[in-house]
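Novice: What shape does this take:
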Amino acid sequence: MDRRAFGEHPDQPHGTVTGQGTEYTGRYVVLLEPTDQESGLNALRASADIASVERVRGTEAAHVAELLERPDVSVLFEELGAAVVEVRPEQRHALVTSAEAESSIIAAEPERMVYASPITAPQQAPTEFFPAYRSDEEVVAHHTMAEIAAAQGPALDEQSWTWGLQAIRANLSSLTGRDVKIAVIDTGVDTDHPDLVGRIEASASFVPGEAVEDGNGHGTHCIGTVAGPAHPRQGPRYGVACDARILAAKVLSNAGSGTDGQILAGMAWAVAHGARVISMSLGARVRPGELFPQTYEKLAQRALERGTVIVAAAGNDSHRPPEIRPVSRPANCPSILAVSALDKALTPSFFSNGGINGQGGEVNIAAPGRDVHSAAPGGGYQSLSGTSMATPHVAGVLALLAQANPNASAADLRTGLMSGAFPLTQPARDVGSGLLQAP
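Specialist: Numbers count the residues shown, from 1 in each chain. Predicted coordinates:
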C-alpha cells in the first residue's frame, strides 16, 4: 500500500487546524474499497472509535449539510465509497495506522478547507489561506499600465459574443450541448435570473443554514459561462452550451468557502444525477513538490469510469512573471483536467498557476479567464477574472463534444478536448495542450 495515500493532521486540539497556508477541519476523508466498504469502517470503529456512520445516497440532498456539521456523526457517501470521518484528536494516529494496515481502505487524508477562486470577488475579505481575493487596486499596483494594456490584446467586438466565446470559436459552432447534463459545484445559483429561469434541472445546497441561492456571485457567473442562453436578456451571448441541462450544487458558502466533505457531497449528488461534466472553480493552494490528494484522484477515476469528466481551476496564486505557483488541489489530480487562464492577448494571466509540480500537477488546457462577462445575482451581469472563469468555458465545450458524440466514454471526451486545442507558443507548463476550441 502506498503510504502517501495516508496522512496525519498537525498536532492540534479540536476545531480548525491551520499551518503553512493550509486549513484543516479536524476530520478525515477516507476512501474505501467499493465492494467492501463495511470492512474498512469496522476497522476504524475498532481501532479509532470513529463517530457513528450515517449512510447517504448520491441523490439525497436533504440534511446532508447538517450531518456534515455534526461532531457525533461520520458520513458515508455509498456510491462514491468515500466517508467523512469524525475522530477524537487523540485517536488520529490510530486511524492512520489502521488505515495503512487495512486492505479495504484505499486512502485516508485530513479534510481541508477549499475556496472559490476569483480574482475580483466583491464584498469578500481576503483570506490568508487561499490568497485569491485580490482587489482591483492591488492588481493595478502590481502591474504597470503598459502591461495591462498589452494583456487586453486586439480589440474584439463584443456586441454579440463575449471575447471568450470568440476566442474558443464557440460562435462558429452549431452545437449547443442539448440534453447534456453539466454540474457546477460552487456557491449556488440565482434561480430567478431571467437568463437562467427554467434552465436549472436540479439544485441542492450542502452548506449548513444556506439555501442554494447564490449570495456570492461566483457560482452564478460560472453557470452563466457554462450554459447561458443563446439570447440573453441584454448584452452579448456569454454561455458556451446554451441548451445544456444545469445541475447546481452549492458546496461553498456565500463567503466563498467550503470543506472537502461538502465538495464530495456535491460530487456524489452530481454523479448520481447523471452529470457528464462536473465543473469545479474552487481549490486550495499547495506547496512546490506537494503530491496530489489520493482521495480526489481515486474519486475522479471512479467518476471517469461512470462517464463523468471533472474539470477544475488551476488556481490564482501566481504573480507573473517572477513568481509561478503550482496548480492547486484538486485540479492537481491526474484524472481531473486543470484549467489555466488566458488574457485577451492569449497569454497566461499574471495570476494563473503553472504546472511546476509533476505527477498530476500539470496544466492540461487554457481558456479565457480575464474580464469575463457573465450572469450576476439579482438579474444582472458582471465581469470577473480568474482560473475560475476559464474553467466553465472548458466544461461547456465538453458538453458540446458530448452532444456530438453521445456514445463517447469520458476518456474519449478528454482526448477529444485536448487534441482539439489550438497550439500556443507559451510553455505547456502554463497552457497545457493550448487554447480551448469548440468543435
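Novice: does residue 91 count as helix, strand or coil?
Specialist: Put simply, residue 91 is helix when judged by DSSP: H, G, I helix; E, B strand; the rest coil.
Novice: give me every residue that touches it.
Specialist: Residues in contact with residue 91, defined by C-beta atoms under 8 Å, 6 or more residues apart in numbering, are 48-50. (Each C-beta comes from the backbone N, C-alpha and C, glycine too.)
Novice: same deal with residue 378?
Specialist: 190, 193.
Novice: Which helix or which strand is home to it?
Specialist: Following DSSP states H and E, one finds residue 378 outside all helices and strands.
Novice: Ok, the one 3 residues further on next?
Specialist: Assessed by DSSP H and E, residue 381 sits inside strand 380-384.
Novice: for residue 246, same thing?
Specialist: Going by DSSP H and E, residue 246 is in strand 245-250.
Novice: Sheet partners, orientation included, of that strand?
Specialist: strand 181-186 (parallel), strand 200-205 (parallel) (DSSP bridges).
Novice: what's the closest of those strands to residue 312?
Specialist: strand 181-186 (9.3 Å; C-beta to C-beta).
Novice: ok, and what's touching that closest one?
Specialist: For strand 181-186, using C-beta under 8 Å, 6+ apart, the contacting residues are 116, 201, 218-219, 222-223, 226-227, 241, 244-252, 263, 266-267, 269-270, 273-282, 392, 395-396, 398-399.
Novice: Show me which of these are buried.
Specialist: 116, 218-219, 222-223, 226-227, 241, 244-252, 263, 266-267, 269-270, 273-282, 392, 395-396, 398-399 (16 or more other C-beta atoms under 10 Å).
Novice: So which of those belong to strands?
Specialist: 116, 245-250, 277-280, 282 (DSSP state E).
Novice: what's the farthest-apart pair in those residues?
Specialist: 116 and 245 (23.2 Å).
Novice: Was I right to think residue 240 contacts residue 397?
Specialist: Yes. Between residue 240 and residue 397 there is a contact at 6.1 Å, judged by C-beta atoms under 8 Å.
Novice: so what sits against both of these two?
Specialist: 168, 170, 438.
Novice: Residue 85: which of those is nearest?
Specialist: Nearest to residue 85 among the shared contacts of residue 240 and residue 397, with distances taken as C-beta to C-beta, is residue 168, at 41.3 Å.
Novice: As JSON lines, the ones in strands among the buried ones among the contacts of strand 181-186 with pLDDT would be great.
Specialist: Shown next, in JSON lines, are those (pLDDT from 0 to 100):
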{"residue": "116", "pLDDT": "89"}
{"residue": "245", "pLDDT": "97"}
{"residue": "246", "pLDDT": "98"}
{"residue": "247", "pLDDT": "98"}
{"residue": "248", "pLDDT": "98"}
{"residue": "249", "pLDDT": "97"}
{"residue": "250", "pLDDT": "97"}
{"residue": "277", "pLDDT": "98"}
{"residue": "278", "pLDDT": "98"}
{"residue": "279", "pLDDT": "98"}
{"residue": "280", "pLDDT": "98"}
{"residue": "282", "pLDDT": "96"}
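Novice: Kindly present those residues as CSV, with separate columns for distance to residue 351.
Specialist: Listed next are those as CSV, based on distance: C-beta to C-beta, whole Å:
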residue, distance to residue 351
116, 14
245, 32
246, 27
247, 28
248, 26
249, 26
250, 25
277, 24
278, 23
279, 19
280, 18
282, 15
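Novice: CA-only coordinates of stretch 421-436 in PDB, if you can.
Specialist: Extracted in PDB, the C-alpha atoms of stretch 421-436 (Å, rounded to 0.1, in the frame of the first residue of the first chain):
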ATOM      1  CA  ALA A 421      -6.900  22.600 -28.600                       C
ATOM      2  CA  PHE A 422      -5.100  25.300 -30.700                       C
ATOM      3  CA  PRO A 423      -1.400  25.200 -30.000                       C
ATOM      4  CA  LEU A 424       0.100  28.300 -28.400                       C
ATOM      5  CA  THR A 425       3.700  29.500 -28.200                       C
ATOM      6  CA  GLN A 426       3.800  29.600 -24.400                       C
ATOM      7  CA  PRO A 427       5.200  26.700 -22.500                       C
ATOM      8  CA  ALA A 428       3.000  23.700 -21.800                       C
ATOM      9  CA  ARG A 429       3.700  24.400 -18.100                       C
ATOM     10  CA  ASP A 430       1.400  27.400 -18.500                       C
ATOM     11  CA  VAL A 431      -1.100  26.500 -21.200                       C
ATOM     12  CA  GLY A 432      -1.100  22.700 -21.400                       C
ATOM     13  CA  SER A 433      -2.200  21.500 -24.800                       C
ATOM     14  CA  GLY A 434      -3.200  25.000 -25.800                       C
ATOM     15  CA  LEU A 435      -6.200  27.200 -26.300                       C
ATOM     16  CA  LEU A 436      -9.600  25.500 -25.800                       C
END
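Novice: what's in contact with it?
Specialist: 167-168, 324, 338, 340, 342, 346-348, 352, 354-356, 362-367, 393-394, 397, 417-419, 437.
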